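> sequence and predicted model, in that order:
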Amino acid sequence: MSQPAPQDLMDTVIAITRKRNCEDFRSCLIETLMALLQTQEIAFLRSLPTPSGDTLLQDLGARREPGGAWHYADGESLRWYAVEDSLQLALRGNRHVEVLDAVSDERVHCIPVIVERRPPELLYFRGGDAGDSRLVLGFAQLYRNFLALISDGERDALTGLLNRKTLETSIRRILESNLRNRARGAAGIRGDRRTSAGDYFLGVIDIDYFKRINDGFGHLYGDEVLLLVAQIMQRSFRAEDLLFRYGGEEFVVVLSPTSKTQALQIFERFRQNIAAHAFPQVGRVTVSTGVVRFDRYALPAGAVGHADQALYYAKAHGRNQVHCYEDLIASGALIRRKRDSAIELF
């Protein structure tokens with residue numbers, strides 16, 4: 001590799017560190033490494049556990065296709081890899097692993113990026129020489145420091161779930177990705193491979209009678225209930241789903257694409273898990289949930305507002321229930337407000 005000029009390298013670092021969220025930072029870092037390295041493949045792989053105990057890796061990177069063009073993996077799309085020994089070794093040992101691919105005769109580098117309370121990631125690239133390796137290790141450390149810096153700002157201090165500010169950013173990114181995929185489809189270009197797997201669903205979850213818990217047992221026990229609910233959420237939902245504390249006793253879950261039937265089953269499973277749990281001192285706790293398919297909305301507030309309507313219906317009809325906004329509209333239990341049409345795309 002021809003070494004970049006110091007000023008060029010400094011300009012690159014300045015450009016990268018202007019970014020204010022990890023997705024933009026990661027994209028800029030990939031583009032920088034693509035320009036600097038003679039490599040055929042660069043990828044960030046996010047490690048996600050499965051209920052069966054296996055590890056799945058989410059593709060967040062880019063690779064050079066045979067014609068020389070770069071193919072980008074959409075940050076919202078999932079591409080699952082069988083976890084190779086070298087990747088497992090890098091993750092478990094939290095160290096840089098370099099192996100020789102017997103088929104391509106290329107060096108394969110796996111560099112872990114592990115930050116507390118975030119899914120572990122791997123910076124993975126093929127080819128290059130010793131100079132490439134040192135440069136990538138330096139940029140990986142820069143990325144690790146950035147993640148550590150912003151992690152606290154993205155997380156709720158009590159539960160460790162993503163916070164409300166991060167929710168709006170996440171929804172906007174999904175909606176923008178959905179618009180791009182629709183545009184690609186209209187142009188006859190293959191879009192996000194997950195769209196064939198179903199739709200995005202958003203659920204607003206509220207702890208029933210939470211004020212009674214705070215008033216009857218004190219805020220210390222109320223906080224413990226919030227923490228335990230968050231822990232049950234992490235066990236009940238899938239690794240690729242996004243979990244947020246929305247505020248107070250409200251939580252939001254964004255399900256990665258699935259069918260409506262499966263989405264409602266997932267939220268129902270969580271409801272049952274909460275109802276079956278014995279909360280210390282407090283005893284039985286239940287939750288109510290409103291669900292909406294949200295990838296057709298133009299604004300995050302539209303999706304959350306309709307999920308809230310379904311939630312209020314659950315609250316008004318006995319609590320400890322899961323209701324879907326679209327089903328309530330179809331049955332006539334809820335009436336679509338005229339002003340709502342302004343916030344829907346399709």
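Received it, and whenever you're ready, just let me know what you need. Here the structure is a predicted model, which is why all the values come from computation and not from measurement. Numbering: from 1, shown residues only.
> can we go C-alpha only for contacts and neighbour counts from here?
Noted.
> bridging residues for residue 203?
Residue 203 forms beta bridges with residue 253, residue 291, as assigned by DSSP bridges.
> thought it was touching residue 307?
Yes - Residue 203 is in contact with residue 307 according to C-alpha atoms under 8 Å; the separation is 6.3 Å.
> more crowded one of those two?
residue 203 (32 against 28; other C-alpha atoms under 10 Å).
> on that earlier part again, any shared contact partners between residue 203 and residue 307?
With contacts taken as C-alpha atoms under 8 Å, 6 or more residues apart in numbering, the residues that reach both residue 203 and residue 307 are 290, 291, 292.
> any stretches of the stretch 151-300 of the chain with poor pLDDT?
178-197, 296-298 (pLDDT under 70).
> picking up where we left off before, now render the shared contacts of residue 203 and residue 307 as CSV, adding neighbour count and distance to residue 247.
As requested, the shared contacts of residue 203 and residue 307 are arranged in CSV below (neighbours: other C-alpha atoms under 10 Å; distance: C-alpha to C-alpha, whole Å):
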residue, neighbour count, distance to residue 247
290, 29, 16
291, 31, 17
292, 27, 19
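> just the residues you listed now: which is nearest residue 175?
residue 292 (14.0 Å; C-alpha to C-alpha).
> in this structure the closest one contacts residue 324, no?
Yes - with contact defined as C-alpha under 8 Å, residue 292 counts as touching residue 324 (5.8 Å).
> shared neighbours of those two, anything?
residue 307.
> hey, where'd the strands end up in the chain?
Remark: strands assigned in the chain by DSSP state E are 41-49, 55-59, 62-64, 70-72, 80-81, 97-100, 107-113, 121-126, 199-207, 242-247, 250-258, 287-293, 322-324.
> now the shortest one: average pLDDT?
Yep, that's strand 80-81 we're talking about. Average pLDDT, strand 80-81: 51.
> swap in stretch 46-55?
The pLDDT scores in stretch 46-55 average 66.
> same question, stretch 118-132
Rounded mean pLDDT across stretch 118-132 is 80.
> okay, how far is it across that stretch, tip to tip?
27 Å (C-alpha to C-alpha, to the nearest Å).
> what's next to it, contact-wise?
In contact with stretch 118-132 (C-alpha under 8 Å, 6+ apart) are residues 1, 3, 37-48, 87, 90-91, 106-114, 140, 151.
> chain center to that stretch: distance?
From the chain centre to the centre of stretch 118-132 is a distance of 22 Å (C-alpha atoms, centre = their mean, to the nearest Å).
> likewise stretch 34-45?
23 Å.
> please identify the buried residues of it?
Using 16 or more other C-alpha atoms under 10 Å as the test for burial, stretch 34-45 gives 34, 36, 37, 39, 40, 41, 42, 43, 44, 45.
> quick one, what contacts the closest residue to residue 236 other than its chain neighbours?
Of all residues not flanking residue 236 in the chain, residue 270 sits nearest, at 5.6 Å (C-alpha to C-alpha, 6 or more residues apart in numbering). By C-alpha under 8 Å, 6+ apart, the contact set of residue 270 is 232, 233, 236, 237.
> between which two of the residues you listed is the distance greatest?
The largest separation in the contacts of residue 270, counting by C-alpha to C-alpha, is between 232 and 237 at 8.6 Å.
> and the spatially most central residue of the chain, bridged to which residues?
Centroid check for the chain by C-alpha atoms, centre = their mean gives residue 242 as the closest residue, at 4.9 Å. With DSSP bridges as the criterion, residue 242 is bridged to residue 254.
> could you dump stretch 90-101 to PDB, C-alpha only?
Output of stretch 90-101 as PDB, limited to C-alpha atoms (Å, rounded to 0.1, in the frame of the first residue of the first chain):
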ATOM      1  CA  ALA A  90     -11.600 -12.700  17.400                       C
ATOM      2  CA  LEU A  91     -14.800 -12.200  19.300                       C
ATOM      3  CA  ARG A  92     -14.100 -14.500  22.200                       C
ATOM      4  CA  GLY A  93     -10.500 -13.500  22.600                       C
ATOM      5  CA  ASN A  94     -11.200  -9.800  21.900                       C
ATOM      6  CA  ARG A  95      -8.100  -9.600  19.700                       C
ATOM      7  CA  HIS A  96      -7.000  -9.100  16.200                       C
ATOM      8  CA  VAL A  97      -7.000 -12.400  14.300                       C
ATOM      9  CA  GLU A  98      -5.200 -12.800  10.900                       C
ATOM     10  CA  VAL A  99      -5.500 -16.000   8.900                       C
ATOM     11  CA  LEU A 100      -4.700 -17.200   5.400                       C
ATOM     12  CA  ASP A 101      -7.600 -18.100   3.200                       C
END
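> got a list of contacts for that stretch?
Outside of stretch 90-101, the residues within contact range by C-alpha under 8 Å, 6+ apart are 86-87, 89, 106-114, 120, 122.
> and stretch 308-322, by the same measure?
Outside stretch 308-322, the residues that touch it by C-alpha under 8 Å, 6+ apart are 204-206, 208, 264, 267-268, 271, 286-291, 323-325, 328.
> still on that earlier bit, higher neighbour count, residue 232 and residue 237?
The neighbour comparison of residue 232 against residue 237 (other C-alpha under 10 Å) goes to residue 237, with 19 against 16.
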